[in-house]
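Undergrad: all I have is the shape, not the residue letters:
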Ligand code: SAM
Ligand code: SF4
């Protein structure tokens, strides 16, 4: 018997789960984390078995796409065990896609085992190709390690999508260098507007570079055609006609994408966030730990989906930032 699918109050079917398997990271990107972060006590984290139980409940309830994120997912101890567990849902056909978002630092080690488990694509975050700027923006990261990781992913047969956060005064001058590099290497490229998640040292408004401006710069150099294809996510795509390259834009600020939102986010402590940009969440850890049966968990998931909000309230007006979230992106999982 198949369970009734998860439909929210705005008739959106929830088929996509993003799961943050750790809030820790080996980088400290300036737009994502403060330099001195306090991480969750290890005892608060769900075990890998508990993560398996929760994600499997979502799969039973109709989730077809699972993205593993963090923090940095590949620094969680034993993470391959979790990927192995999720791969059984790929094998059964219940899950159509299992994928991850990573900073790439550990990909040299993990790319082949991940590919062997049936993972086809990986998103790698990379905001600059300049080693000095890379060290500056990630605080702790080193560019060659990430480039080696990306090369390992390609060698293992994984498709790579580069995610670059558009940062004013930081990578504006690299728009075309990054675009050309992705074309030459055969990677897709998506730009992301910086979102007001968590307290960080630099002022958000000083970091914000609108993708409207970025698009205009493409239009000065290329014929830019809007593509109607959507992947069910927030990205909108254009084609640069002269090169045939496809570029994605994730524009929570200049273009609200909430009406087609099909996703929810699970944190490493079992909190379910129905929207990245709202504070409401449901605790799934308590029902999970209360019983070895999954009935209470499934009920808690359904109750949470029944209150998924219409959308976020992020806004950078001239007076400042609104819709600011107290939690960092690494908490909910970007
Ligand atoms: N550590 C992995 C990585 O960097 O890809 C996965 C987690 S990270 C939180 C996921 C994505 O969120 C990355 O592409 C990162 O650039 C993006 N991100 C982090 N903070 C952000 C913010 N305040 N606004 C927009 N994107 C952000
Ligand atoms: Fe770590 Fe990813 Fe946040 Fe950078 S964006 S600090 S790599 S979690």
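TA: Nice, I can see it. A quick note: this is a predicted structure, and the numbers were derived from the prediction, not measured. Ligands and ions are numbered 1, 2, ... in the order given.

Undergrad: name the residues of this structure found near ligand 2, please.
TA: 25, 27-29, 32-33, 70-72, 103, 125, 329-330 (C-beta under 6 Å from any ligand atom). (Each C-beta comes from the backbone N, C-alpha and C, glycine too.)

Undergrad: now, which of the residues you listed lie within strands?
TA: residue 125 (DSSP state E).

Undergrad: most neighbours among the residues of the chain next to ligand 2, which one?
TA: Compared across these, residue 71 has the highest neighbour count, 29 neighbours, by other C-beta atoms under 10 Å.

Undergrad: what kind of secondary structure is the nearest residue to that one once chain neighbours are set aside in?
TA: Among residues not flanking residue 71 along the chain, residue 22 sits closest, at 4.2 Å (C-beta to C-beta, 6 or more residues apart in numbering). Following DSSP: H, G, I helix; E, B strand; the rest coil, the label given to residue 22 is coil.

Undergrad: dump the residue contacts of residue 22.
TA: 45, 70, 71, 72, 73, 75, 76, 268 (C-beta atoms under 8 Å, 6 or more residues apart in numbering).

Undergrad: ok, it to residue 211 distance?
TA: According to C-beta to C-beta, to the nearest Å, residue 22 and residue 211 sit 29 Å apart.

Undergrad: equivalent analysis for residue 238, please.
TA: 11 Å.

Undergrad: mutual contacts of those two, please.
TA: Joint contacts of residue 238 and residue 211 (C-beta under 8 Å, 6+ apart) are residue 249.

Undergrad: coming back round to it: can you lay out the residues of the chain next to ligand 2 as JSON lines showing pLDDT and distance to residue 280?
TA: Listed next are the residues of the chain next to ligand 2 as JSON lines, based on pLDDT from 0 to 100; distance: C-beta to C-beta, whole Å:
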{"residue": "25", "pLDDT": "97", "distance to residue 280": "25"}
{"residue": "27", "pLDDT": "97", "distance to residue 280": "29"}
{"residue": "28", "pLDDT": "96", "distance to residue 280": "28"}
{"residue": "29", "pLDDT": "94", "distance to residue 280": "26"}
{"residue": "32", "pLDDT": "90", "distance to residue 280": "22"}
{"residue": "33", "pLDDT": "90", "distance to residue 280": "23"}
{"residue": "70", "pLDDT": "94", "distance to residue 280": "22"}
{"residue": "71", "pLDDT": "95", "distance to residue 280": "22"}
{"residue": "72", "pLDDT": "98", "distance to residue 280": "26"}
{"residue": "103", "pLDDT": "98", "distance to residue 280": "28"}
{"residue": "125", "pLDDT": "98", "distance to residue 280": "27"}
{"residue": "329", "pLDDT": "62", "distance to residue 280": "17"}
{"residue": "330", "pLDDT": "62", "distance to residue 280": "19"}
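
Undergrad: redo the residues of the chain next to ligand 2 as JSON lines? Include distance to residue 88.
TA: Shown next, in JSON lines, are the residues of the chain next to ligand 2 (distance: C-beta to C-beta, whole Å):
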{"residue": "25", "distance to residue 88": "28"}
{"residue": "27", "distance to residue 88": "31"}
{"residue": "28", "distance to residue 88": "35"}
{"residue": "29", "distance to residue 88": "33"}
{"residue": "32", "distance to residue 88": "32"}
{"residue": "33", "distance to residue 88": "33"}
{"residue": "70", "distance to residue 88": "22"}
{"residue": "71", "distance to residue 88": "24"}
{"residue": "72", "distance to residue 88": "24"}
{"residue": "103", "distance to residue 88": "27"}
{"residue": "125", "distance to residue 88": "28"}
{"residue": "329", "distance to residue 88": "29"}
{"residue": "330", "distance to residue 88": "28"}
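
Undergrad: break down the protein into its strands, ranges please.
TA: Going by DSSP E, the chain shows strands at 16-20, 65-69, 97-102, 121-125, 159-166, 188-193, 224-226, 236-240, 245-250, 263-266, 271-273, 281-283, 315-317, 320-322.

Undergrad: so which of those strands gets nearest residue 84?
TA: strand 97-102 (10.6 Å; C-beta to C-beta).

Undergrad: flag every buried residue along the closest one.
TA: 98, 99, 100, 101, 102 (16 or more other C-beta atoms under 10 Å).

Undergrad: tell me what the last one is bridged to.
TA: Right, residue 102. residue 124 (DSSP bridges).

Undergrad: for it, give me its contacts.
TA: 72, 73, 74, 122, 123, 124, 125, 149.

Undergrad: ok, which of those residues also contact ligand 1?
TA: 72, 125.

Undergrad: now residue 136: closest residue in space, sequence neighbours ignored.
TA: residue 30 (7.8 Å).

Undergrad: can you get me a residue count around that neighbour?
TA: Going by other C-beta under 10 Å, the residues that sit close to residue 30 add up to 19.
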